[in-house]
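In: sequence and predicted structure below; questions after.
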Amino acid sequence: MKTAAVVNFAPEKGSVEIREIEQPAIGPDDVLLEVANVGVCGSDLHQWTADHSWPVNYPVVLGHEFGGKIVEAGGNVQAWKVGDRVVSETAAIISHDNPMTRRGLYNLDPTRKGFGYGVNGAMTRFVKVPSRILHRVPDQLPFEQACLTEPCCVAYSAVVKNARIEPGDRVVVLGPGTIGILCAAMARLCGAEVAIVGLPADAGRLAIAKKYGCEVIIGDAKPWALERDGLGCDGVVDAAGASATLKIALDLVRPAGWISKVGWGPQPLNFSLDPLVQKNITLQGSFSHNWPIWERVIALLASNALDVRLIIGGVWPLEKWHEAFEQMHSGAVVKSVLAPSAI
């Protein structure tokens with residue numbers, strides 16, 4: 001059986017199109033998932049525009065933010081059955097013998113391969129998923145929201161696990177993309193005062209961040225950072241896609257403060273890191289997520305403590321993927337969602 005898929009077929013710019021692919025065959029430890037909704041990630045856009053910095057196994061079906069219903073289960077699968085509503089983590093292939101995997105940090109396994117670049121992703125009707133990375137979706141949580149569990153987990157990891165927020169802290173978030181806005185929302189849930197910083201072109205996204213209770217700043221955040229006692233903010237989440245924002249973060253944060261860097265920035269730094277030493281700053285990288293984070297985030301979404309409806313700019317059928325990509329790439333919407341199946 002063949003089905004339509006959004007395929008990134010070559011490393012050149014614009015090498016994404018709808019293609020017919022075979023329905024995947026599952027192994028004994030896998031399930032076949034009928035995809036209800038799949039979010040468009042910035043990494044999907046970067047592969048489309050060919051400005052990504054990670055290896056891609058061409059041709060590959062895009063999409064790693066997804067949820068749906070199980071339509072087939074492998075012979076060894078016992079915890080799941082046909083009809084279950086689930087979302088999936090991104091670590092499609094890991095080494096069970098890797099020391100990081102043995103510690104439960106399989107997201108940091110250097111051999112890890114994820115959906116949408118290493119193996120076929122979910123911008124299609126059916127996707128093969130290892131049963132070890134499934135999570136149950138409560139009935140009250142619609143799939144168009146549940147499919148955004150993954151970026152929410154990125155934000156949870158950056159803000160809750162890899163930062164040290166205390167209620168009453170003042171936190172600056174650099175970059176009002178999907179991850180930046182979700183990091184700001186997560187910091188608010190932790191009890192912080194939050195300012196999110198962008199450019200004039202980001203006005204629409206910043207307006208959405210304001211709905212999460214954030215101060216929005218276009219331009220210089222230094223006055224806000226210094227407002228309380230003149231020393232700077234307690235922490236900075238660098239969620240921008242440029243290396244230069246790390247220099248801004250070093251300037252904004254107070255002595256003995258922290259920076260959680262979740263945004264990728266492939267450019268050379270071209271500035272001194274001496275302020276990191278002089279101010280005794282903790283600089284923490286944050287990458288991906290693991291099982292307990294997913295369970296916490298699903299609970300937040302299901303209880304509506306974290307409302308992702310604010311960032312969803314629209315739901316498009318699979319054949320209109322290009323429009324969904326363009327809307328997100330232009331900044332007209334924060335998050336585009338595709339609907340490969342009518343379930």
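Out: Cool, got the structure.
In: okay, now the nearest residue to Gly116 once chain neighbours are set aside: neighbour count?
Out: The shortest distance from Gly116 to any non-neighbouring residue, by CB to CB, 6 or more residues apart in numbering, is to His64 (4.3 Å). To be clear about C-beta, it is placed using only N, CA and C from the backbone, and glycine gets the same treatment. Neighbour count of His64, defined by other CB atoms under 10 Å: 26.
In: one more: Asp51?
Out: Neighbours of Asp51 (other CB under 10 Å): 11.
In: isn't there a helix covering it?
Out: No: remark: Asp51 does not belong to a helix; assigned using DSSP: H, G, I helix; E, B strand; the rest coil, it is coil.
In: returning to what we had before: list the contacts for the residue nearest to Gly116?
Out: Listed by CB atoms under 8 Å, 6 or more residues apart in numbering, the contact set of His64 reads 41, 43, 90, 114-116, 121-122, 150.
In: phi and psi next, for the residue most central in space within the chain.
Out: Nearest to the mean C-alpha position of the chain, by CA atoms, centre = their mean, lies Pro151 at 2.6 Å. Note on Pro151: its backbone torsions stand at phi -60, psi -30 [degrees, to the nearest 10].
In: thought it was touching Gly177?
Out: No: with contacts counted by CB atoms under 8 Å, Pro151 stays clear of Gly177, the gap being 9.6 Å.
In: not counting its neighbours along the chain, what's nearest Glu319?
Out: Ile18 is the one closest to Glu319 (CB to CB, 6+ apart), at 6.4 Å.
In: who is the one you found paired with across the strands?
Out: Val6 (DSSP bridges).
In: state the distance from the closest residue in space to the residue nearest to the centre of the chain that isn't next to it in sequence to Lys69.
Out: Using CB to CB, 6+ apart and skipping residues adjacent in sequence, the residue nearest Pro151 is Thr178, 5.4 Å away. Here the distance between Thr178 and Lys69 works out to 25 Å (CB to CB, to the nearest Å).
In: quick one, which of the two is more surrounded?
Out: For Thr178 versus Lys69, neighbours defined as other CB under 10 Å are more numerous around Thr178 (27 against 19).
In: pretty sure the more buried one contacts Val337?
Out: No: at 11.3 Å, Thr178 and Val337 do not qualify as touching, with contact defined as CB under 8 Å.
In: and His329, its phi and psi?
Out: Per degrees, to the nearest 10, the backbone of His329 is at phi -60, psi -40.
In: that one - how many residues pack around it?
Out: His329 has 17 nearby residues by other CB under 10 Å.
In: hang on, it packs against Gln47?
Out: No: the criterion here is CB under 8 Å, and His329 misses it with Gln47 at 11.9 Å.
In: so who does the residue nearest to Leu105 when sequence neighbours are not counted touch?
Out: Once flanking residues are discounted, Leu105 sits nearest to Asn290: 6.3 Å by CB to CB, 6+ apart. Going by CB under 8 Å, 6+ apart, Asn290 touches 89, 104-107.
In: again, only using 7 Å
Out: 104-107 (CB atoms under 7 Å, 6 or more residues apart in numbering).
In: ditto for Cys183
Out: Per CB under 7 Å, 6+ apart, neighbours of Cys183: 155, 158-159, 173, 237, 239, 262.
In: would you check how far apart it and Ser260 are?
Out: When Cys183 is compared with Ser260 (using CB to CB), they lie 8 Å apart.
In: next: Ala36.
Out: From Ala36 to Ser260 the distance is 32 Å (CB to CB).
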